[in-house]
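Trainee: quick check, what structure comes out for this input:
(chains A and B)
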Amino acid sequence: MINIFQYYPRRLCSRSVTLVRYCLALRFVYQSDINNENMQRAKVSKVLISTLRVWSRSASYESTRKNLKITKKSTLICQGFTGKQATFHCKLAKEYGTNLVGGVTPKKGGQKHLGLPVFNTVKEAAAALKPDISVIFVPPFAATKALFEALEAQIPLIVCITEGIPQHDMVKFCYQLKRQDKSRLVGPNCPGIIAPELCKVGIMPGTIHKRGMVGIVSRSGTLTYEAVQQTTQLGLGQTLVVGMGGDPYNGTNFIDCLDIFLNDPETKGIILIGEIGGAAEEEAADYLKKHNSGPTRKPVVGYIAGLSAPPGRRMGHAGAIISGGKGGAKEKIEALTNAGVVVAKSPAFIGAHLKKELTG
Amino acid sequence: MATMLRSAVLAEHILLKNATKVLGSTTSNWQPQKQQTRNLNVHEHISYTLLKDAGIQVPKFGVAKTKQEAKKIAQDLATKDIVLKAQVLAGGRGKGHFKNGLKGGVRMVYSPEEAEDIAGQMLGQYLITKQTGEKGRICNAVMVTERKFPRKEFYFAIMMERAFSGPVIIASSQGGVNIEEVAAENPNAILYEPIDISKGLSKEQAEKVAVKVGLSSQKDKTADMLLKMYDLFCKKDALLIEINPYAEDAGETYFSLDAKFRFDDNAGFRQKELFALRDWTQEDEKEVAAAKFDLNYIALDGNIGCLVNGAGLAMATMDIISLHGGSPANFLDVGGGATAQAVKEAFKIITADPKVHAILVNIFGGIMRCDVIAEGIIAAAKELNLKMPIVCRLQGTNVDDAKVLIASSGLKILPVDNLDEAARLVVKLSNIVSLARDAKLDINFEIPL
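Mentor: Below is the predicted model of the structure:
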């Protein structure tokens, strides 16, 4: 039986399209000259299963990965707009060329800030401006509310810079987040996301970035800047840099970004920066084994911070806890190496390794 | 739907494969080498109080700060079997010893007079266990509790687990001190029951766990206990509540005989009473001082002090120092919002450690502004009259202003742009200082103009 699904990229599926394809596929099966009833039944169940897979994915959080691909045209609002940190970084974002169109600060709706309109709620801002991205600079005690507001307003990309959101709150938010398909969260406790020379959302220093060919995804903030600077200085440049953040319950993980990078023709090489704690790097290694092999594979260079950290210490990041033998740097390095990733021993040579892989 | 099924199976698979490792983090026997800086750990008697207030059955107990109090509590308990437990935040108390020679931080006594005597020998003394290091920890309180003779021991824990994206009940009919071996040898003896965070824990689900773990005769009481545990878990922003063992005593009532809590630091702003219970005497003084300025500091054993912004970069800095043969003296993350004052305090704390021979400052400014860091370093160097070499590597926001400030300060701060070079240099300098000290020589560094 012809797999008609191969002609449609999965991400284009909406539920109604899925239903139509299901019916077409069924019709095809019944009209075919397979006389054997058992074979027909087997074919029908195969169609059913692949339809269900597509159906679930089309209504799933995974389908929001495409919202990570920010462009020069992407419009941005800022929650917590009139605060000190937000003002400082929104100014820099504007200077960088990001399309900042307004912001939200409760009780200051109607005012102007940095020459742009301020609204009382995200709902009002979304209705007036229809932004693609919302960046959250709200302190921890109010950040959860800000997140839910952005989710309800269906902002396609929510970037939460705030550090210190209680884990219980994030568990509850991620529960809702993962059951919808309109908004994607990056963070919390992250430096943000930047498409160099196009759009900067967050606190990263824009000057060290350069448009180029490397996709970078990282759990750390400042360690990401090291990798960015190295790739800029070596002439490689970046296509997209995503800081996932260091919290254990977050909106975007390595695999989401790897999916984007592997399918982006501009991205020729990938850098993955991980840390001790949790299993995100191991899962990323599994993903790469399945999706980044053979002649079309893209070179991936990794670095895992914390190899010299003694066990049981909490080293700053909420997510970076080694406990009971699980989540150690050695295991992660092994898993990634087995998936074909070149793991740099020193943080100062991440860029150099990738240059070698790309030109080597 | 298929993806959900797949992730549930994956989570099960991960947990089954890693049961030991997951449980390794939750047993009351396991404790980190040193207490985690920003993580709230509470004394045993506070754990008991929390459970009692939540309506979970614990043995009768009292907390004594003097030996007379210990005697009174022992008398009130009206039992011949009393346990004295030194309230020290470390594991391995039973096998530890006090600086004055008294053996064991957990002692059985048989009369109020004996309780008074032994408590008197414990209070105000330093208890040394496998986990406290040579210095030991001060014992300022002793818990006096009735001794229970457990017949059957169960293990219950509720924890927030990444693999399940939420809370999960972990239970076993083979509780007690050997739970880690159980997890290793017989993973099927551990059961996992994920809780839907939006619905909470229902009575039916709690009863299901009780039956599965072998307590169907006590179904109601156990389910009740689990519901109360979950309620406490949510109310106090706990990341882990572990009751090990949950045991039946001779009278066929079930008690929680030991409990370990782990709380979410991020929830400090809304759990003020809980965080006020933090016992600062149990923590390293330097880490206490650091926390006052919102600095994340962990003391280590080496001789190269580090000052970095960002936990990932701080760990990477420690890694690169190790790669060049050096040994970091500390982990220090000044965070994104540190002021010049905080940076100065950070320097004070690092240099208060006599082992530090050289300091590496590695700042990549994002939120952190390099000129703020430079002001802090200059203020610290001037005020503390620092003799040891400081290698300073700055990059990012306002870096040029920072370089100008440092150059015009006239202080002995070596600027290096390349991280690898900076690490190599600081290790070399620290070796030079070590050599000099070994030869009992004083050494003074000069920067040529």
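Trainee: low-scoring stretches of chain B, by residue?
Mentor: B:1-39, B:177-180, B:251, B:337, B:367, B:447-449 (pLDDT under 70).
Trainee: mind naming the longest helix for it?
Mentor: Ranked by number of residues, the top helix in chain B under DSSP state H is helix B:419-438.
Trainee: ok, that one near chain A or not?
Mentor: Yes. Judged by Cβ under 8 Å from any Cβ of the partner chain, helix B:419-438 and chain A are in contact via B:Leu419, B:Asp420, B:Ala423. C-beta: built from backbone N, CA, C; applies to glycine.
Trainee: for the residue lying closest to B:Gln205 once chain neighbours are set aside, what are its contacts?
Mentor: If the residues on either side of it in the chain are set aside, B:Gln205 comes closest to B:Glu193, at 6.7 Å by Cβ to Cβ, 6 or more residues apart in numbering or on different chains. Applying Cβ atoms under 8 Å, 6 or more residues apart in numbering or on different chains, we find B:Glu193 in contact with B:Val168, B:Ile169, B:Ala171, B:Gln205, B:Lys208, B:Val209, B:Lys212.
Trainee: go on, A:Glu331?
Mentor: A:Glu282.
Trainee: give me the most central residue, chain A.
Mentor: By Cα atoms, centre = their mean, chain A has its centre lying nearest to A:Thr252, at 4.3 Å.
Trainee: about what we covered before: who wins for neighbours among the contacts of B:Glu193?
Mentor: B:Ala171 (25 neighbours; other Cβ atoms under 10 Å in any protein chain shown).
Trainee: is that residue bridged to anything, and to what?
Mentor: B:Phe156, B:Leu191 (DSSP bridges).
Trainee: from B:Tyr155, how far off is it?
Mentor: In this view, B:Ala171 and B:Tyr155 are 6 Å apart by Cβ to Cβ, to the nearest Å.
Trainee: one more: B:Leu419?
Mentor: 46 Å.
Trainee: more neighbours: which of these two?
Mentor: Using other Cβ under 10 Å, the more surrounded residue of B:Leu419 and B:Tyr155 is B:Tyr155, with 27 against 24.
Trainee: mind listing the helices for chain A?
Mentor: Applying DSSP H to chain A gives helices spanning A:15-31, A:37-58, A:84-96, A:122-129, A:140-152, A:167-177, A:222-233, A:254-262, A:280-291, A:329-338, A:350-359.
Trainee: distance from the third one to the middle of the chain?
Mentor: The offset between the C-alpha centroid of helix A:84-96 and the centroid of the whole chain comes to 22 Å, using Cα atoms, centre = their mean, to the nearest Å.
Trainee: and it, what other elements does it pack with?
Mentor: Counting contacts by 3 or more Cβ pairs under 8 Å, 6 or more residues apart in numbering or on different chains; DSSP states H and E, helix A:84-96 packs against strand A:75-79, strand A:99-104, strand A:199-202.
Trainee: re the thing from before, I'd assumed A:Leu185 was in contact with the residue nearest to the centre of chain A.
Mentor: Yes. A:Thr252 is within contact range of A:Leu185, at 6.6 Å (criterion: Cβ atoms under 8 Å).
Trainee: which residues does A:Ala348 contact?
Mentor: By Cβ under 8 Å, 6+ apart, the neighbours of A:Ala348 are A:Glu226, A:Gln230, B:Ile320, B:Asn418, B:Leu419, B:Asp420, B:Ala423.
Trainee: go ahead and build a ChimeraX selection from the buried members of these.
Mentor: Buried residues within those, by 16 or more other Cβ atoms under 10 Å in any protein chain shown, are selected in ChimeraX with:
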select /A:226,230 /B:320,419,420,423
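Trainee: farthest pair in the contacts of A:Ala348?
Mentor: A:Gln230 and B:Ala423 (14.8 Å; Cβ to Cβ).
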